[in-house]
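K.L.:
okay, predicted coordinates and the sequence, questions at the end:
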Amino acid sequence: MVGDRKRIWGWYFFDWASQPYNTLLLTFIFGPYFAEIARGYYMGAGLDEEAAKAAAQAYWGWGLAIASVSVAILAPILGAIADGTGRRLIWVWTFSAFYVVGSFGLWWVAPGGTEGMLFWAVCLFGIGFIGMEFATIFTNALMPSLTQADDLGAISGTGFAFGYLGGLLALVIMLLFFAEGADSGLTLLGTPPLFGLDPEAREGTRFVGPFTAIWFVIFMIPFFLWVREPHTDRRPLHLGRAFGSLRDLIRSLRYRKSLSAYLASALFYRDALNALYGFGGVYASGVLGWSIIQIGIFGIVGAVTAMVAAFIGGRVDRAIGPKPVIMASIIVLILVCLLMVGMTREGVWGIPLDPASSTPDQIFFACGALIGAAGGSLQAASRTMMARHTTPDRATEAFGLYALSGKVASFMSPALIALVTTISGSQRIGIAPLVVLFLIGLILLTFVKPKGEMPA
């Protein structure tokens, strides 16, 4: 029906509107910019360059860890409250405000600031990050009410593909017209930032915060116009009943072997995937000597393949179910990690390469394309698999647990990478723990029912 199609398209627009927080702020623009200004602050305070880099990364890492822990603790609780009252959209509105306030405030994170400014930068980023994560939980919880169960895979895949397209377009706009090089003061087009933004004050790069907020506000309009609450009874808030429902759900996991195995599997493979996203640029810079421009193009390649693969994977998901898609994606990511562990500019697992040639760069661009493709289809199919383990009236609570499984061990991959890198003295070998985490996730996935807890 036309109304159903509009509701589904409105739901897609959340992915389009929210994706730039990950693409622009977390990964490619603001995260590196924060590291740059924090490094400058610590060097001004007397640290040498390497110590300043470490201090800047640690500051950023602790900020992300605190925000992730906040999501992990509150997600199941708020999910139970939302399901208990039968209302979800009010929570999407609330956390959308967090998203906008946090991202817009990053405009005031200027070079040459104080430690207090670094603190507020991390706080504002954390506020927006929490808003994005929680709004995603409540929006995902609407998915089981959008259509019949057999179509969930296609809808999830299309939503992710649409979101990746939005993130890609936002990244291209920022690189072409706003984000300036630290030395040149020029954008990727070789021109000063638009609107007379001052390159010396890094206003082009700092505009990423307001740009992300404005993008979200504009493209959430279809969501709020077209998406309505599913028809459930509205109930007054009763905290005791909400917490009791959550407690019963957690206790029931001992009897719900498929859901328990899936949450455990997702804990490992989602943590490994997030680390692969987070360390890909660092690896390219340290091992292959890539510039920021090359890393940005690498990000565009990954976003394009993620968009295409999420869409195709959604169709495959609808045809054969999400479990085979998840397993195939994990296997591809394991192979990519193994390639990265054995790769330098001089060779790949003993096969010599000409370090002056473009072959090592081409190989890693191919790795980026595979990471994007496998990661995009993996995330889309994972959302479908979670929807197959819940019902529309308990969906927010279930996706709250899903968020918990993605955050409760979010420190694991970075800590293992740091530990193995320190012990081995090799940035390449430091990636090896991701192979183990993906393998654990793959093994646990064998205990998950292909149709989840839906009737056969």
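P.N.:
Here it is on my side, so go on. Numbers count the residues shown, from 1 in each chain.

K.L.:
going forward, measure contacts between C-alpha atoms and count neighbours the same way
P.N.:
OK.

K.L.:
my guess is residue 354 meets residue 344, correct?
P.N.:
No. At 10.3 Å, residue 354 does not count as touching residue 344 under the criterion of Cα atoms under 8 Å.

K.L.:
contacting residues around residue 418?
P.N.:
residue 430 (Cα atoms under 8 Å, 6 or more residues apart in numbering).

K.L.:
which one of residue 354 and residue 344 has more residues nearby?
P.N.:
Between residue 354 and residue 344, counted using other Cα atoms under 10 Å, the more crowded position is residue 344 (18 against 11).

K.L.:
would you map the strands across the stretch 351-456 of the chain?
P.N.:
Assigned by DSSP state E, counting those that start in this stretch, the stretch 351-456 of the chain shows strands spanning 351-352.

K.L.:
okay, helices next: where are they in it?
P.N.:
Remark: helices assigned in the stretch 351-456 of the chain by DSSP state H, counting those that start in this stretch are 359-387, 395-407, 412-424, 433-445.

K.L.:
likewise for the stretch 201-350 of the chain?
P.N.:
In the stretch 201-350 of the chain, the segments counted as helices under DSSP H, counting those that start in this stretch are 203-206, 208-219, 221-226, 239-252, 257-288, 292-320, 322-341.

K.L.:
and residue 14, helix, strand or coil?
P.N.:
helix (DSSP: H, G, I helix; E, B strand; the rest coil).

K.L.:
burial of it, as a residue count?
P.N.:
Using other Cα under 10 Å, residue 14 has 26 other residues around it.

K.L.:
repeat that for the one 3 residues further on.
P.N.:
The criterion is other Cα under 10 Å. On that basis, residue 17 has 26 neighbouring residues.

K.L.:
equivalent analysis for the one 5 residues further on, please.
P.N.:
A count of neighbours around residue 22, defined by other Cα under 10 Å, yields 16.

K.L.:
how is the chain carved up into domains?
P.N.:
Per automatic domain parsing, the structural domains of the chain span 1-251, 257-388+411-448.

K.L.:
among the ones you listed, which comes closest to residue 402?
P.N.:
Nearest of the domains of the chain to residue 402, taken as Cα to Cα: domain 257-388+411-448 at 6.5 Å.

K.L.:
and the end-to-end length of that closest one?
P.N.:
When the termini of domain 257-388+411-448 are compared using Cα to Cα, to the nearest Å, they are 8 Å apart.

K.L.:
and what of stretch 136-144?
P.N.:
14 Å.

K.L.:
in a markdown table: the domains of the chain, plus distance to residue 402 and mean pLDDT.
P.N.:
Listed next are the domains of the chain as a markdown table, based on distance: least, Cα to Cα, whole Å; pLDDT from 0 to 100:
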| stretch | distance to residue 402 | mean pLDDT |
| --- | --- | --- |
| domain 1-251 | 8 | 83 |
| domain 257-388+411-448 | 7 | 83 |
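
K.L.:
so which of the helices of the stretch 351-456 of the chain is nearest residue 451?
P.N.:
Among the helices of the stretch 351-456 of the chain, helix 359-387 comes nearest to residue 451, with 7.8 Å by Cα to Cα.

K.L.:
against which helices or strands is that closest one packed?
P.N.:
The contact analysis (3 or more Cα pairs under 8 Å, 6 or more residues apart in numbering; DSSP states H and E) places helix 359-387 against helix 152-177, helix 257-288, helix 292-320, helix 322-341, helix 395-407.

K.L.:
could you save the ones you listed as TSV and add columns showing mean neighbour count and distance to residue 378?
P.N.:
Listed next are these as TSV, based on neighbours: other Cα atoms under 10 Å; distance: least, Cα to Cα, whole Å:
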stretch	mean neighbour count	distance to residue 378
helix 152-177	24	9
helix 257-288	20	9
helix 292-320	22	8
helix 322-341	20	5
helix 395-407	26	14
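
K.L.:
quick one: which of those is nearest residue 376?
P.N.:
Ranking those by their distance to residue 376 (criterion: Cα to Cα) puts helix 292-320 first, at 4.4 Å.

K.L.:
quick check: which of the helices of the stretch 351-456 of the chain is buried the most?
P.N.:
Neighbour counts (mean count of other Cα atoms under 10 Å) averaged over each of the helices of the stretch 351-456 of the chain peak at helix 395-407, with a mean of 26.

K.L.:
on contacts alone, who are the packing partners of the top helix by length along the chain?
P.N.:
Scanning the chain for the longest helix, with DSSP state H as the assignment, gives helix 49-85. Packing contacts for helix 49-85, counted by 3+ Cα pairs under 8 Å, 6+ apart, involve helix 30-44, helix 115-140, helix 239-252, helix 395-407.

K.L.:
coming back round to it: to residue 87, which of the helices of the stretch 201-350 of the chain lies closest?
P.N.:
The closest of the helices of the stretch 201-350 of the chain to residue 87 is helix 239-252. By Cα to Cα, the value is 12.6 Å.

K.L.:
let's have the helices of the stretch 201-350 of the chain in JSON lines, adding distance to residue 38.
P.N.:
As requested, the helices of the stretch 201-350 of the chain are arranged in JSON lines below (distance: least, Cα to Cα, whole Å):
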{"stretch": "helix 203-206", "distance to residue 38": "14"}
{"stretch": "helix 208-219", "distance to residue 38": "17"}
{"stretch": "helix 221-226", "distance to residue 38": "36"}
{"stretch": "helix 239-252", "distance to residue 38": "41"}
{"stretch": "helix 257-288", "distance to residue 38": "17"}
{"stretch": "helix 292-320", "distance to residue 38": "17"}
{"stretch": "helix 322-341", "distance to residue 38": "29"}
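
K.L.:
between those, which one is nearest to residue 444?
P.N.:
helix 257-288 (5.1 Å).

K.L.:
need the contact list for residue 182.
P.N.:
residue 202.

K.L.:
offset the numbering so it begins at 19, please.
P.N.:
Will do, 19 is the new start, and the previous item becomes residue 200.

K.L.:
that one in helix, strand or coil?
P.N.:
Using three-state DSSP, the structure places residue 200 in coil.

K.L.:
quick one, phi/psi of it?
P.N.:
Residue 200 adopts backbone torsions of phi -60, psi -30, taken as degrees, to the nearest 10.

K.L.:
how far away is it from residue 140?
P.N.:
Using Cα to Cα, we find residue 200 at a distance of 21 Å from residue 140.

K.L.:
what's the answer for residue 121, then?
P.N.:
Taking Cα to Cα, one finds residue 121 at 11 Å from residue 140.
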